[in-house]
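Student: what follows is a predicted structure for the sequence shown.
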Amino acid sequence: AQKVTQAQTEISVVEKEDVTLDCVYETRDTTYYLFWYKQPPSGELVFLIRRNSFDEQNEISGRYSWNFQKSTSSFNFTITASQVVDSAVYFCALSAEYGGSQGNLIFGKGTKLSVKP
Amino acid sequence: AAGVIQSPRHLIKEKRETATLKCYPIPRHDTVYWYQQGPGQDPQFLISFYEKMQSDKGSIPDRFSAQQFSDYHSELNMSSLELGDSALYFCASSIQGAGDSPLHFGNGTRLTVT
């Protein structure tokens, strides 16, 4: 069975602080994809990153960085120098991988991040 | 760039009524997924279609049905609506196969059942 755990329900930081959102996953699949999505108060789901289980290389995109460690089944997300606009619910998700394609997504419960000015 | 289009954005229905939600995937995307997100909850997978055939099924109630048409748009039909059906319904699309794309979601349809 597949499962995604985001242990942090809510996090509150002050602007310019760094913040890390934790994600731990469980799967019996040998190949899979991991994702992060952002859901701002307006409600849409914004795609942030997809990582294939073959690729453990960490990734940085501007103020965002992701740390994927298969040994601990974790895919953590760090925002550096947080801003008020980062306030949102962040979802980590997992899908199986079939011949290069993804299956449906299993989401974690989400972490609500509040960045105060 | 073109995104997934969902209509309507908001829908208010009474109990026992029916509702139809529409989804227009990103051009050239052959796979459509439907998700339901209750208040304060994570999105739950309902059903997916690949090349107009149902490809996977999740926690979709028997009162709901869906299909994908020849132009790849999809409709989610919901009958005998219940208060508990009030949620945000997302459609997502992707391309399967080599070089596939991650799921990109539409802005959702907020259904309120009164």
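Tutor: Received it, and whenever you're ready, just let me know what you need. Numbering: from 1, shown residues only, chains lettered A, B, ... in the order given.
Student: run through the bridge partners of residue 20.
Tutor: Reading this off chain A. residue A:78 (DSSP bridges).
Student: please go with chain B instead
Tutor: residue B:77.
Student: residue contacts, the nearest residue to residue A:70 once chain neighbours are set aside?
Tutor: In space, and not counting its chain neighbours, residue A:70 is closest to residue A:56: 5.9 Å by Cβ to Cβ, 6 or more residues apart in numbering or on different chains. From N, CA and C alone the C-beta is placed, and that goes for glycine too. Residue A:56 makes contact with A:68, A:69, A:70 under the criterion Cβ atoms under 8 Å, 6 or more residues apart in numbering or on different chains.
Student: let me know the closest of the residues you listed to chain B.
Tutor: residue A:68 (15.1 Å; Cβ to the nearest Cβ).
Student: need the per-residue pLDDT for the closest one.
Tutor: Note on residue A:68: pLDDT of 95.
Student: now swap in residue B:98 and tell me
Tutor: 52.
Student: could you do residue A:52 as well?
Tutor: Reported pLDDT for residue A:52: 89.
Student: surely it and residue A:31 touch.
Tutor: Yes. Here residue A:52 reaches residue A:31: they are 7.4 Å apart, a contact under Cβ atoms under 8 Å.
Student: show residues contacting the helix or strand bottoming out on mean pLDDT in chain B.
Tutor: The helix or strand of chain B with the poorest confidence is strand B:104-105; it has a mean of 89 (mean pLDDT, DSSP states H and E). By Cβ under 8 Å, 6+ apart, the residues outside strand B:104-105 that reach it are A:37, A:44-47, B:3-4, B:26, B:35, B:90-94.
Student: go again with 6 Å.
Tutor: Here strand B:104-105 makes contact (Cβ atoms under 6 Å, 6 or more residues apart in numbering or on different chains) with A:45, A:47, B:4, B:90, B:92.
Student: turn the residues you listed into CSV, including distance to residue A:102 and neighbour count.
Tutor: Below are the contacts of strand B:104-105 laid out as CSV (distance: Cβ to Cβ, whole Å; neighbours: other Cβ atoms under 10 Å in any protein chain shown):
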residue, distance to residue A:102, neighbour count
A:45, 15, 26
A:47, 12, 15
B:4, 16, 22
B:90, 16, 25
B:92, 11, 27
